[in-house]
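# Sequence plus predicted model, see below.
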Amino acid sequence: MTRDTRRSGLSLIIVGVVGILFFWLTDPRWGVLPPGERPATVVDAVRQATPGTLIGLAASALVLLIGLWLMTRRVS
């Protein structure tokens, strides 16, 4: 495996993990928001944020999986 492929795989793994953390931490239901920044109606905020959070988590997981695949590839 060339160094460039390994470096690309590692970069994608890092970006995938950071993306997952971002979408998880900023979600109104699962995330960590200070008490002053929580929306007044949590139910409405969760309903509005759920599609974006799920798509963001799925895309970040896909990037992470591609990075893992690149790291485990063998040169033929």
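That came in fine, so what should we check first? Quick caveat: nothing in here was measured; it's all calculated off a predicted structure. Numbers count the residues shown, from 1 in each chain.

# Find the centremost residue of the protein, please.
The chain has Ile20 as the residue nearest its centroid, 2.1 Å off, counting by C-alpha atoms, centre = their mean.

# Correct me if wrong: that residue contacts Leu57.
Yes: applying C-beta atoms under 8 Å, one finds Ile20 in contact with Leu57, separated by 6.1 Å. The C-beta positions use only the backbone N, C-alpha and C, and glycine is treated the same way.

# buried set for the longest helix along the chain?
Longest helix in the chain, counting residues (DSSP state H): helix 42-72. Under the neighbour-count criterion of 16 or more other C-beta atoms under 10 Å, helix 42-72 has 45, 49, 53, 56-57, 60, 63-64, 66-67, 70-71 buried.

# just to revisit the earlier point, residues in contact with the residue nearest to the centre of the chain?
If you count contacts by C-beta atoms under 8 Å, 6 or more residues apart in numbering, Ile20 has them with 57, 60-61, 64.

# buried ones in the helix or strand hosting it?
Counting by DSSP states H and E, the element that carries Ile20 is helix 3-25. Buried residues in helix 3-25, counted by 16+ other C-beta under 10 Å: 9, 12-13, 16, 19-20, 23.

# quick one: the residue nearest to the centre of the chain and Val42, what's the gap?
Relative to Val42, Ile20 is positioned 22 Å away (C-beta to C-beta, to the nearest Å).
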